[in-house]
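Colleague: sequence and computational prediction follow.
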Amino acid sequence: VAGRFVNCYSKKDWFMAMLWQVRQAAGLKLNNAQRPFAGTSPIDVPGVENIDISDLVEVQSDYCDVQGEILERVRLGHPAY
């Protein structure tokens, strides 16, 4: 894949955190069950840029309102440094 691979995440996304807790409490054993939901933490994968957007997103519905700010933050269209 050409270009950049960016993982934006929010540690404040209470909805996704709640889903994680429900899944754990229910004892659901899915693939990689010990991993948090996507978008709630950085990932440790070579070549992936992790960008914390916790100051912008507290719940999933916030993404609609701040997508322009997120694209500015990830410097869409600019090379990686």
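Modeller: All right, it came through fine. Remember, it's a predicted structure, so these values are computed and weren't measured experimentally.
Colleague: following the chain past the lowest-mean-pLDDT helix or strand in the chain, name the next helix or strand.
Modeller: Lowest mean confidence among the helices and strands of the chain (mean pLDDT, DSSP states H and E): helix 14-25, at a mean of 65. Scanning the chain past helix 14-25 towards its C-terminal end, the next helix or strand to appear is strand 48-52 (assignment: DSSP states H and E).
Colleague: what are the contacting residues of that next one?
Modeller: Counting by C-beta atoms under 8 Å, 6 or more residues apart in numbering, the neighbours of strand 48-52 from elsewhere in the structure are 4-11, 42-43, 73-74, 80. All C-beta atoms are positioned from the backbone trio N, CA, C, and that covers glycine.
Colleague: in those residues, find the pair that's most separated.
Modeller: The most widely separated members of the contacts of strand 48-52 are Lys11 and Ala80, with 22.9 Å between them, by C-beta to C-beta.
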